[in-house]
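*Asks:* A predicted structure for the sequence below; I have some questions about it.
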Amino acid sequence: MIIEIFILVILIGYPLLIWIFGKKASEKKIDVSRFYLKDILLSLFILLLFFIVDPKIYNKLDFEKIGKGIVITSNTFFGVTSIFFIPFFLAFIPKNNLHPKDASQAKEIFGFPVNLMPGNSRELLLFTVYIVTGVFFEELFCRQFIFYALNTTLHLHGDIILLVSSALFAIGHQSKKIKEFVLFFILGLIFGKAFQYTGNLFYPIVLHLFLNLTIVVLAFRRMKDIKNTSI
């Protein structure tokens, strides 16, 4: 029981610490490669720590026992989740609202700070690994681990777990503005409901991955735009 409580404290405390002490990236230029690498290594370290402390946390969850919360139809599920693929494909279209007209002057692109975006091919590759690693980490942490811990330790079920996990997901994204918090909270609800509905972490990972890979496409386009304007 001590191990379960220790894990729950980490799962709740880590997003709160990020929200309290974490800082939004400043506008000054930083070493993005080091930033990506540090974040990747930290994510892998935390995942390894959980595996060492309690390997059972990685086991497939039984949602017949945990509960699936509000029941949704297959039409609702596929209708809502299909929206997550749209931004990724839109990012390839030459003229779209996701990509600013002047990429060199923009402070954010698709909600991501431009000073943290890659400036060359090597950085772009590391940036892609950073994005993909972040998706797997967030889905394991905010869905698999938190669902497991809230059920086994606090004996919560169904949509109560969904609401708590979604709130921690939003807090972990440093959502201090109401609009940002609501946005990430809704995303957490959709990813979590996809997890409940299918009983498989594969689905929220795919949805989350396509959404975040949009930033990779836009980062690549930004690099090309800046290169063309400098010629």
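*Replies:* Good, I have the coordinates. Model, not experiment: these values are computed from the prediction.
*Asks:* now for the lowest-mean-pLDDT helix or strand in the chain, which elements pack on it?
*Replies:* Within the chain, no helix or strand scores below strand 108-109, which has a mean of 86 by mean pLDDT, DSSP states H and E. Using 3 or more CB pairs under 8 Å, 6 or more residues apart in numbering; DSSP states H and E as the contact test, the elements touching strand 108-109 are helix 202-230. No exception for glycine: its C-beta is placed from N, CA and C like everyone else's.
*Asks:* other SSEs contacting the helix or strand following the least confident helix or strand of the chain?
*Replies:* Next helix or strand after strand 108-109 toward the C-terminus (DSSP states H and E): strand 112-113. Using 3+ CB pairs under 8 Å, 6+ apart as the contact test, the elements touching strand 112-113 are helix 202-230.
*Asks:* can you give me the mean pLDDT across the helix it packs on?
*Replies:* Mean pLDDT, helix 202-230: 89.
*Asks:* residues contacting Ile70?
*Replies:* Shown in contact with Ile70 (CB atoms under 8 Å, 6 or more residues apart in numbering): Gly158, Asp159.
*Asks:* sorry, back to before: which other residues reach the least confident helix or strand of the chain?
*Replies:* Leu98, His99, Pro100, Ala103, Val114, Met117, Ile215, Leu218, Ala219, Arg222.
*Asks:* How much space separates the last one from Ile40?
*Replies:* This means Arg222. Going from Arg222 to Ile40 by CB to CB, to the nearest Å gives 21 Å.
*Asks:* With Met223 instead?
*Replies:* 20 Å.
*Asks:* Same question for Ile131.
*Replies:* 10 Å.
*Asks:* again with Leu126
*Replies:* Distance of Leu126 to Ile40, computed by CB to CB: 8 Å.
*Asks:* same thing with Val32?
*Replies:* Going from Val32 to Ile40 by CB to CB gives 12 Å.
*Asks:* What about Phe78, how many residues nearby?
*Replies:* Residues contacting Phe78 under the criterion other CB atoms under 10 Å number 9.
*Asks:* quick one: secondary structure of it?
*Replies:* helix (DSSP: H, G, I helix; E, B strand; the rest coil).
*Asks:* What does the pLDDT read for it?
*Replies:* With respect to pLDDT, Phe78 scores 93.
*Asks:* now swap in Asn115 and tell me
*Replies:* pLDDT, Asn115: 88.
*Asks:* likewise the one 4 residues further on?
*Replies:* As predicted, Gly119 sits at a pLDDT of 90.
*Asks:* just Asn75 next, same as before
*Replies:* At Asn75, the model reports a pLDDT of 94.
*Asks:* tell me which residues of the helix or strand where it lies are tucked away?
*Replies:* Element membership for Asn75 (DSSP H and E) is helix 74-81. Under the neighbour-count criterion of 16 or more other CB atoms under 10 Å, helix 74-81 has Phe77, Thr81 buried.
*Asks:* What of stretch 187-207?
*Replies:* Neighbour-count burial for stretch 187-207 [16+ other CB under 10 Å]: 187-197, 201, 203-207.
*Asks:* Determine the three-state secondary structure at His99.
*Replies:* Put simply, His99 is coil when judged by three-state DSSP.
*Asks:* What's the local residue count around it?
*Replies:* Neighbours around His99, by other CB under 10 Å: 20.
*Asks:* Check Thr133 too.
*Replies:* By other CB under 10 Å, 18 other residues sit near Thr133.
*Asks:* thinking it is in contact with Ser43, fair?
*Replies:* Yes. If you go by CB atoms under 8 Å, Thr133 and Ser43 touch, sitting 5.4 Å apart.
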